[in-house]
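Asker: what's the 3D shape of this:
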Amino acid sequence: MILSAVQPILDYARELMGEGGMASYGEVALRALGIALLTHICACICRDCGENTIATMTEVGGKVAILLLCLPLLREIVQGISEFI
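Answerer: Just a heads-up that it's a prediction; the model follows:
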């Protein structure tokens, strides 16, 4: 039910990113958003169960996953900057 409500927003975002030639950046941003949301939900469930340590480690894992997802983009940014210099 929630996915069906969010689907039009995701479709619109993909359409906008495709027109601007930034599809790869948009895809990474949407994946990072998904990881962040799932990580937050899992951490909240862990905290509700009284497992604060597991919640904290879940959040750290999500942040590491997002960082690993963004590494190719960071490499492109550094290469672009080095070409201008």
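Asker: from now on I want contacts and neighbour counts done on CA atoms only, so please keep to that.
Answerer: Noted.
Asker: name the helix or strand for the residue nearest in space to the middle of the chain, please.
Answerer: In the chain, the residue lying closest to the centroid (Cα atoms, centre = their mean) is residue 32, at 0.5 Å. Using DSSP states H and E, residue 32 falls within helix 23-48.
Asker: please apply the same query to residue 81.
Answerer: Secondary structure assignment for residue 81, by DSSP H and E: helix 52-84.
Asker: circling back: nearest residue to the residue nearest to the centre of the chain in space, please, no chain neighbours.
Answerer: The shortest distance from residue 32 to any residue other than its chain neighbours is 5.5 Å, reached at residue 66 (Cα to Cα, 6 or more residues apart in numbering).
Asker: near residue 45, how many other residues are there?
Answerer: Close neighbours of residue 45, defined as other Cα atoms under 10 Å, add up to 14.
Asker: before we move on, back to that, so the residue nearest to residue 32 sits right up against residue 34, yeah?
Answerer: No - here residue 66 lies out of contact with residue 34, judged by Cα atoms under 8 Å, at a distance of 9.7 Å.
Asker: more neighbours: those two, which one.
Answerer: Between residue 66 and residue 34, counted using other Cα under 10 Å, the more crowded position is residue 66 (19 against 13).
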